[in-house]
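**Student:** Here you go, sequence then predicted model.
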Amino acid sequence: GEDVEQSLFLSVREGDSSVINCTYTDSSSTYLYWYKQEPGAGLQLLTYIFSNMDMKQDQRLTVLLNKKDKHLSLRIADTQTGDSAIYFCAESIAGNKLVFGAGTILRVKS
Amino acid sequence: DAGVIQSPRHEVTEMGQEVTLRCKPISGHNSLFWYRQTMMRGLELLIYFNNNVPIDDSGMPEDRFSAKMPNASFSTLKIQPSEPRDSAVYFCASSIQEAGELFFGEGSRLTVL
């Protein structure tokens, strides 16, 4: 069955790098996504990676994909207090719906 | 630009009452999704529509839940009768295509006493 797993909590100091990890199960997923949810709000797409890529960099964000191990990670460089939020990993299932992980709460200490 | 609009933002009701949640997707988007978020189960896909047609409702918990999309600009999620275990935040999301970026509304927080 489809399942996306993430660690539940990460705490870092302001200025450090954050790495959020995720494992997924559907090897046919075309895209893998990272969404961000701030308190009291809906999810917003942060970044995504196509399944034939190993890495994608977008300013402070780096996404690494290990397709063999079905492992996805999100690295946030120079983490700021404004990065405190819940981060969701998601995989596309059968190309037409997203399955989300439980979310990782990122807490940034100043 | 208006995003996905959900109403009500908050609803408190008593067990047994009917609850109707509403969603207006972004204009031009042809896929609409209903998700439920709880601490215990995370974010669950309940149902999604493509071009107003329900495609996959396998996530709908039970017959007490129903969803409709009478036209491209409106969808409802109804719970009748409601139970305390239905308490959650219900999100509506839309996308231009089925596998495209999802744009989420701000959610409807439901509390069933």
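**Tutor:** Perfect, I can see it now. Numbers count the residues shown, from 1 in each chain, chains lettered A, B, ... in the order given.
**Student:** Is B:Glu106 in a helix, a strand, or coil?
**Tutor:** coil (DSSP: H, G, I helix; E, B strand; the rest coil).
**Student:** quick one: it and chain A, what's the gap?
**Tutor:** From B:Glu106 across to chain A, the span is 5 Å (C-beta to the nearest C-beta, to the nearest Å). For glycine as for every other residue, the C-beta is placed from the backbone atoms N, C-alpha and C.
**Student:** Now for the closest residue in space to that residue that isn't next to it in sequence: which residues touch it?
**Tutor:** Distances taken as C-beta to C-beta, 6 or more residues apart in numbering or on different chains put A:Gly42 closest to B:Glu106, at 5.2 Å, once the chain neighbours are dropped. Contacts were defined as C-beta atoms under 8 Å, 6 or more residues apart in numbering or on different chains; by that measure A:Gly42 touches B:4, B:91, B:93, B:104-107.
**Student:** for A:Glu5, same thing?
**Tutor:** By C-beta under 8 Å, 6+ apart, the neighbours of A:Glu5 are A:22-24, A:101-102.
**Student:** possible to save the residues you listed as a markdown table with neighbour count and distance to chain B?
**Tutor:** Listed next are the contacts of A:Glu5 as a markdown table, based on neighbours: other C-beta atoms under 10 Å in any protein chain shown; distance: C-beta to the nearest C-beta, whole Å:
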| residue | neighbour count | distance to chain B |
| --- | --- | --- |
| A:Cys22 | 24 | 13 |
| A:Thr23 | 17 | 15 |
| A:Tyr24 | 24 | 14 |
| A:Gly101 | 25 | 7 |
| A:Ala102 | 19 | 4 |
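**Student:** Point out where chain B drops to low pLDDT.
**Tutor:** B:1, B:98-99 (pLDDT under 70).
**Student:** May I have the phi/psi pair for the residue nearest to B:Glu106?
**Tutor:** The phi/psi pair for A:Gly42 (degrees, to the nearest 10) reads phi -80, psi 180.
**Student:** Does stretch B:35-53 reach chain A?
**Tutor:** Yes: using C-beta under 8 Å from any C-beta of the partner chain, stretch B:35-53 comes into contact with chain A via B:35, B:42-43, B:45, B:48, B:50.
**Student:** what does chain A put close to chain B?
**Tutor:** So far as C-beta under 8 Å from any C-beta goes, chain A lies against chain B at A:30-31, A:35, A:40-45, A:48, A:88, A:92, A:95-103.
**Student:** one step back: tell me which two of the residues of stretch B:35-53 next to chain A sit farthest apart.
**Tutor:** B:Gly42 and B:Asn50 (23.9 Å; C-beta to C-beta).
**Student:** Looking at the contacts of A:Gly42, which one is closest to chain A?
**Tutor:** Comparing these against chain A with C-beta to the nearest C-beta picks out B:Phe104 as the nearest, at 3.1 Å.
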